[in-house]
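Novice: Return a 3D structure for these sequence lines:
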Amino acid sequence: MARSAEHILVVDDEEDILHLVRYNLERGGYRVRCAGDGDQALAEARREPPDLILLDLMLPGLNGLEVCRLLKQDSKTDRIPIVMLTAKGEEQDVVKGLDAGADDYVVKPFSPRILLSRVKAVLRRVRREMAPEDAVIQIRDLVIHPGRHEVIVRGKPVELTLTEFNLLHLLARRPGWVLTRYQIVDAIRGADYPVTERSVDVQVVGLRKKLGPSGKDIETVRGVGYRFKP
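Specialist: Numbering: from 1, shown residues only. You can find the predicted model right below:
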């Protein structure tokens with residue numbers, strides 16, 4: 001069962017979807033509120049910020065992308081994780097959602113069990129990210145010491161550039177979390193740095209090579225970006 005304090009806002013204009021998602025989340029132990037359009041979603045999120053928002057992309061009035069951007073621009077709601085629900089499986093829609101600030105996505109039609117699993121995974125990541133940024137990360141054969149700027153693979157130190165280290169730390173702090181190239185560049189170099197696929201891809205190729213066997217844990221999500229294998 002989920003912690004009773006965890007509460008989820010579900011936003012969708014289809015009543016059947018709302019009922020289905022609410023039923024399964026409540027069975028999972030979550031407290032659930034619902035909204036049927038973008039304006040209502042903003043009002044509900046600001047009135048009582050939830051622990052997570054399931055947000056449909058296609059909404060009457062303000063669409064899901066606009067709602068996501070507005071929530072991420074508001075200091076009261078910018079830290080709420082958002083999982084996009086979308087009937088569109090095209091890569092460009094996934095990328096737009098992630099670049100708008102969404103933390104994950106689920107394509108309709110979806111299995112309620114898979115949706116619940118993704119919700120749990122995102123909430124676990126959020127709790128993990130609340131740990132200090134200098135906390136040591138250990139995943140399989142990889143150990144990252146942020147305070148010492150040190151990376152160890154199978155007991156042996158690995159020399160990384162500052163950019164490579166920051167890229168690895170960014171991905172390893174969110175195992176399973178897909179980050180677009182824009183999000184990676186924004187986090188590592190800042191929003192003013194020119195974003196090109198090559199500017200990220202070259203760093204990933206070099207990082208994988210240096211990490212040896214652990215390099216395979218940095219997975220390519222075709223047409224979207226990268227993630228660290230969960």
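Novice: Spell out the residue ranges of the helices in the chain.
Specialist: 15-27, 38-47, 64-73, 91-99, 112-129, 162-172, 181-188, 197-211 (DSSP state H).
Novice: Could you export those helices as a markdown table, including mean pLDDT?
Specialist: Converted to a markdown table, those look like this (pLDDT from 0 to 100):
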| stretch | mean pLDDT |
| --- | --- |
| helix 15-27 | 93 |
| helix 38-47 | 95 |
| helix 64-73 | 94 |
| helix 91-99 | 83 |
| helix 112-129 | 84 |
| helix 162-172 | 92 |
| helix 181-188 | 83 |
| helix 197-211 | 90 |
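Novice: can I see the domain layout of the chain?
Specialist: Domain ranges of the chain: 7-129, 137-228, per automatic domain parsing.
Novice: just the ones you listed: most buried one?
Specialist: domain 7-129 (a mean of 18; mean count of other CB atoms under 10 Å). Yep, even glycine has a C-beta here, placed from its N, CA and C like the rest.
Novice: circling back: could you export the helices of the chain as CSV, including distance to residue 150?
Specialist: Formatted as CSV, the helices of the chain follow (distance: least, CB to CB, whole Å):
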stretch, distance to residue 150
helix 15-27, 41
helix 38-47, 40
helix 64-73, 33
helix 91-99, 30
helix 112-129, 20
helix 162-172, 9
helix 181-188, 18
helix 197-211, 13
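Novice: which one in this structure is furthest away from the centre?
Specialist: Within the chain, the residue lying farthest from the chain centre (CA atoms, centre = their mean) is residue 156, at 30.4 Å.
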